[in-house]
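>>> build me a structure from this.
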Amino acid sequence: MVRRSGSADLPLHNGRVPAWLGQRMARLGAVIAEAIAHHYGRDEFLRRLSHPFWFQSFGAVMGMDWHSSGVTTSVIGALKRGLAPLSGELGIHVCGGRGRHSRQTPLELTTIGERVGFNGEALARASRLVAKVDSAAVQDGFDLYLHGFIVTDDGKWVVIQQGMNGDTRLARRYHWLSEGLKNFVEAPHAAIDGENQGEIINLTDRRAEASRGRQLDLLRDLGPDGIVREMAEVEGKTQRLPSQPFLPHLVMPAHHDVRPKDVMLRRLHGALAAAADCGPKDFGDLLLVPGVGARTVRSLAMVAEVVHGAPCRFADPARFSLAHGGKDRRPYPVPIDVYDETIEVLKSAVRKAKLGNEDRLEALRRLDEQARRLERSVGGPSLPEFVAEEMRRSHEYAGRSVFGWEPAPASETDWPGAGPENTATQQ
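Numbering: from 1, shown residues only. Predicted coordinates:
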């Protein structure tokens, strides 16, 4: 059955992803997609993309701003670039994007359909209809500006759209999943992400079936002129549909820094403990990749969770920003050396798995299992202490942000990031 998987509030952010990060996001996103497809199949990768909590965590582990609307644009773009060379092998194709790229989606779908054999015209119609539903049938104050359509060779797909409300500086993300989809205009969404903005007209709600039918009756009985007269009489008397209870609601706060309340510390401590137990020497033996240190293992533990974790594991996307930092130095600069090692370990594991040697890929799954076991009992540093240590050592890992490379601190009390956001008094 089609399901709504939750909602989230996403602050609008300006800015661009620098080329040095965008290239790495494409490589990391692609190899994570390969690992998931290898372990669980292409259909599971589509299901993951349709889950708003997982999608946000996916973007965070790739070094994007962990809470902002920019995650959507950057992840879709990274997947489109990273999976393009692998589309023939994986059978996964990423179409659309932001602005003018979104309008090219139907043409991309028909072109791919002619090449691989699915009905591109039907999927092009689905693309247009999805966009119409979220811009016209669901009138919630958000104007669509991004449309990403991910389709597999057998014609299954997921759509991720995003709209913005310039007045409130918020974005809303809409998730669609073709699996089980029977009707485009009755409860079709896998999820809608965004903050309730008051009165919302949602003609896709099951309880709006009578309204949809009555609108067709009005068009037939009254014609356009008659409908205009009727609208003039009832202007300002829109009835609100009942709210949708029981949906998980992910609130992305306005603050940019990662704060203790944003992170489930016991899960972070589990990843830290698993890294300490496995690396550097043992983990090198485990993955057969000499020289991989404990810092890389910490990042790999979070990446492994993105590959293997159940939906309940992604309630705190901020935690995944602790794998590779963020481009704006929040929670700390991107550790380039660690990021590149993570990509190489994953690529090596996936490459070996394709040849029938599952040892390295299985090692990542065991690392995730070990982290889950340890999180029940171990402790560790507070979040401010953890972030402060990462900032202090950022230059050792080739830390980089949009502000440049991180220099070595002049002293223990004079290091980048020693401000109030990264101290033990952080609120």
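>>> low-confidence regions, this structure specifically.
By pLDDT under 70, the low-scoring segments of the chain are 1-9, 134-140, 181-251, 278-291, 411-427.
>>> what's the domain layout of it?
Domain ranges of the chain: 7-205+241-251, 260-422, per automatic domain parsing.
>>> switch these over to TSV; also include mean neighbour count.
The C-beta positions use only the backbone N, C-alpha and C, and glycine is treated the same way. Output for those, formatted as TSV (neighbours: other CB atoms under 10 Å):
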stretch	mean neighbour count
domain 7-205+241-251	19
domain 260-422	19
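>>> contacting residues for I112?
If a contact means CB atoms under 8 Å, 6 or more residues apart in numbering, then I112 has 93, 95, 118, 120, 151 as its contacts.
>>> which members of those are the farthest-apart pair?
C95 and F118 (12.4 Å; CB to CB).
>>> shared neighbours of the two, which are they?
Counting by CB under 8 Å, 6+ apart, the contacts common to C95 and F118 are 112, 151.
>>> mind listing what V306 touches?
Here V306 is in contact with 32, 54, 57-58, 61, 320 (CB under 8 Å, 6+ apart).
>>> can you tell me which of those residues are in strands?
The strands, defined by DSSP state E, take in nothing from those.
>>> out of the residues you listed, flag the one nearest to E179.
W54 (15.3 Å).
>>> from memory that closest one sits against R48, does it?
Yes: if you go by CB atoms under 8 Å, W54 and R48 touch, sitting 5.0 Å apart.
>>> centroid-nearest residue for the protein?
Nearest residue to the geometric centre of the chain (CA atoms, centre = their mean): F55, 2.4 Å.
>>> grab the nearest non-local neighbour of that residue.
Nearest non-adjacent residue to F55, counting by CB to CB, 6 or more residues apart in numbering: L49, 6.1 Å away.
>>> isn't the one you found right next to F149, touching?
No: counting by CB under 8 Å, F149 is not a contact partner of L49; they are 11.0 Å apart.
>>> anything in contact with each of these two?
Shared contacts of L49 and F149 (CB under 8 Å, 6+ apart): V158.
>>> for stretch 319-330, output the C-alpha coordinates as PDB.
Provided in PDB are the C-alpha atoms of stretch 319-330 (Å, rounded to 0.1, in the frame of the first residue of the first chain):
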ATOM      1  CA  ARG A 319      23.900  12.700  14.200                       C
ATOM      2  CA  PHE A 320      24.900  11.800  10.600                       C
ATOM      3  CA  SER A 321      26.500  15.200  10.100                       C
ATOM      4  CA  LEU A 322      29.100  14.000  12.600                       C
ATOM      5  CA  ALA A 323      30.400  11.500  10.000                       C
ATOM      6  CA  HIS A 324      31.800  14.100   7.600                       C
ATOM      7  CA  GLY A 325      31.000  17.500   9.000                       C
ATOM      8  CA  GLY A 326      29.400  20.200   6.900                       C
ATOM      9  CA  LYS A 327      30.400  22.700   4.200                       C
ATOM     10  CA  ASP A 328      29.700  25.700   6.500                       C
ATOM     11  CA  ARG A 329      31.800  24.300   9.400                       C
ATOM     12  CA  ARG A 330      28.600  23.100  11.100                       C
END
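>>> distance between that stretch and the chain's centre?
14 Å (CA atoms, centre = their mean, to the nearest Å).
>>> what kind of secondary structure is the residue lying closest to S102 once chain neighbours are set aside in?
Sequence neighbours aside, H147 is the residue nearest to S102 in space, at 3.8 Å (criterion: CB to CB, 6+ apart). Look at H147: counting by DSSP: H, G, I helix; E, B strand; the rest coil, its state is strand.
>>> now do the contacts for H147.
Counted by CB under 8 Å, 6+ apart, H147 has contacts 96-97, 102, 105, 127, 130-131, 159, 161.
>>> dump those to TSV, plus distance to L79 and secondary structure.
As requested, these are exported to TSV (distance: CB to CB, whole Å; DSSP: H, G, I helix; E, B strand; the rest coil):
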residue	distance to L79	secondary structure
G96	11	strand
G97	10	strand
S102	15	helix
T105	14	helix
S127	17	helix
V130	18	helix
A131	19	helix
V159	13	strand
Q161	15	strand
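>>> could these go into a markdown table alongside distance to R259?
Shown next, in a markdown table, are those (distance: CB to CB, whole Å):
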| residue | distance to R259 |
| --- | --- |
| G96 | 34 |
| G97 | 32 |
| S102 | 34 |
| T105 | 38 |
| S127 | 39 |
| V130 | 36 |
| A131 | 36 |
| V159 | 33 |
| Q161 | 29 |
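>>> select, from the residues you listed, the two members most distant in space.
G97 and V130 (14.7 Å).
>>> the residue nearest to G380 when sequence neighbours are not counted: which element?
Counting by CB to CB, 6+ apart, H269 is the residue found nearest to G380 once chain neighbours are left out, at 3.7 Å. Element membership of H269 [criterion: DSSP states H and E] is helix 265-278.
>>> next one: S299
For S299, the enclosing helix or strand under DSSP H and E is helix 294-308.
>>> got the angle between that helix and helix 265-278?
Helix 294-308 runs at 120 degrees relative to helix 265-278, counting by axes from the mean of the first three to the mean of the last three CA atoms, to 10 degrees.
>>> which strands and helices sit next to the next helix-or-strand element following helix 294-308?
As assigned by DSSP H and E, the chain's next helix or strand after helix 294-308 is helix 321-324. Applying 3 or more CB pairs under 8 Å, 6 or more residues apart in numbering; DSSP states H and E, we find helix 321-324 packed against helix 52-61, helix 294-308, helix 336-354, helix 383-392.
>>> just put the ones you listed in TSV and tack on distance to P253.
Shown next, in TSV, are the helices and strands packed on helix 321-324 (distance: least, CB to CB, whole Å):
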stretch	distance to P253
helix 52-61	13
helix 294-308	20
helix 336-354	25
helix 383-392	15
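>>> nearest to S87, out of these?
Distance to S87, taken as CB to CB, is lowest for helix 336-354 among the helices and strands packed on helix 321-324, at 15.7 Å.
>>> what residues does the very next helix or strand once past that closest one touch?
The C-terminal neighbour of helix 336-354 among helices and strands, as given by DSSP H and E, is helix 359-374. For helix 359-374, contacts defined as CB under 8 Å, 6+ apart pick out 35, 38-39, 267, 269-271, 273-274, 277-278, 283, 286-289, 297, 300-301, 303-305, 307-309, 345-346, 348-350, 352-353.
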